[in-house]
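Enquirer: for reference, the sequence and a predicted model appear below.
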Amino acid sequence: MRSSPRKFYFPDTMATWPWLRTINPHFEEVKAASDAWFREFKAFSPQSQKAFDRCDFEHLRTACDLTKVYFIIDEYTDVENATTTREMVDVVLDALKKPYTPRPATEVILGEVVRQFWALAIQTASSSSQRHFMKEFTAWLYSLVTQAADRDEGVCRSINGYLAVRRDNVATRPSFIGLEIAMELPDEVFYHPLVVELTGYITDMVIVDNDIVSYNREQATGDENHNLITAAIRELDVDVGSAVAWAANYHIALQGIFLHRLAHVPSWGPTIDEHLHEYLHGMANWARANYCWSFESERYFGTKGPEIQRSRIVPLLPKIRVDPDLHREDVVVADIEL
């Protein structure tokens, strides 16, 4: 039966994952440029910008900028209904189609942020990576509308129903543009059933890790319905600790299947094989990077991330009042301290 523990345990889902933590040697330089670009928009209040800045990012310029794009769109749409979210999505899609046309000054800032991001990205991105990104990023945007509609109706999906939405909503697939940005991966390779299958395993691993670490923050801010742990608590009728344990077991099973299936990727010739190897191993490293970022940034655990990564115990946060009248640039980014 469900209960309300004051603490819960974080299993080390990546203890045996073969891809270890690494940092790009150009991280600090590129991060500084990306940070400076984003602050120019004044997309958040000063207090929320400070909370936002506490979340470090670990990739080169396009990926750094894209991470910021995700966060601002996520924060803006998380406090809106489905209708307003769809309007914001339409603005973003239009900006992607017109990367060299400045957006109207009266428009929500998301349009200009995304336009500038994409105008810079396409200067160096291969044609195939651009095409794949557009398809997957569009799917992510529409998943935000679905999430907003669920929020409007107070919907908490079943485990399978939630995963079906979350696989677009977690944004791994459009994020992989950073892995293929200098490659030309033909569609018959990129969308080969086994490559799609492998991408799915990594996506679900990221969902599990992200939802375990974000559950505490989301239950505190009243947004816990859109979380795998909540879905498991309700469907399996268990407490949060048992739901986390179930999710961790699912994660371990995904790892085993991924490693087994990775050995069966077909060959398309030396050049494509080399690129695909780099791409698939980049995805595997992405799962590690997401896991490390969750503890090393301050988004979910404040300054206590490294301590919690060692102890594996986190106190359940009290409820945080979120002002329903604050939207867009006035939205409050919760500054978590445990």
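Expert: Nice, thanks for sending it over.
Enquirer: ok, L120 - how many residues close by?
Expert: Using other CB atoms under 10 Å, L120 has 15 other residues around it. To be clear about C-beta, it is placed using only N, CA and C from the backbone, and glycine gets the same treatment.
Enquirer: can you tell me the SS state at F8?
Expert: Of the three states, F8 takes strand under DSSP: H, G, I helix; E, B strand; the rest coil.
Enquirer: which residues are in contact with it?
Expert: Counting by CB atoms under 8 Å, 6 or more residues apart in numbering, F8 touches 240-241, 244, 313-314, 316.
Enquirer: let's see that with 10 Å instead.
Expert: F8 sits next to 212, 215-216, 229, 239-245, 312-316 when contact means CB atoms under 10 Å, 6 or more residues apart in numbering.
Enquirer: helix or strand next in line after the lowest-mean-pLDDT helix or strand in the chain, which one?
Expert: The helix or strand of the chain with the poorest confidence is helix 46-53; it has a mean of 50 (mean pLDDT, DSSP states H and E). Proceeding N to C from helix 46-53, the next assigned helix or strand is helix 61-77, under DSSP states H and E.
Enquirer: next one: the closest residue to S127 other than its chain neighbours from G241, what distance?
Expert: Leaving aside its sequence neighbours, S127 sits nearest to E184 (CB to CB, 6 or more residues apart in numbering; 7.0 Å). Relative to G241, E184 is positioned 47 Å away (CB to CB, to the nearest Å).
Enquirer: neighbour-wise, which of the two wins?
Expert: Neighbours were counted for E184 and for G241 using other CB under 10 Å; G241 has more, 16 against 13.
Enquirer: where's the more buried one, which helix or strand?
Expert: Using DSSP H and E, the element containing G241 is helix 240-262.
Enquirer: what pLDDT, on average, does the following helix or strand past that helix get?
Expert: Once the chain leaves helix 240-262, the next helix or strand it forms, by DSSP H and E, is helix 270-296. Taken as a whole, helix 270-296 has a mean pLDDT of 95.
Enquirer: how about helix 270-296: buried residues?
Expert: Neighbour counts over helix 270-296 (16 or more other CB atoms under 10 Å) mark 272, 275-276, 279-280, 282-296 as buried.
Enquirer: same check, this time on stretch 86-106
Expert: For stretch 86-106, by 16+ other CB under 10 Å, it's 86, 88-89, 91-93, 95-96, 99, 103.
Enquirer: what separates it from the chain centre, distance-wise?
Expert: The chain centroid and the centroid of stretch 86-106 are separated by 22 Å under CA atoms, centre = their mean, to the nearest Å.
Enquirer: repeat for stretch 66-75
Expert: Put simply, stretch 66-75 sits 9 Å off its chain's centre (CA atoms, centre = their mean).
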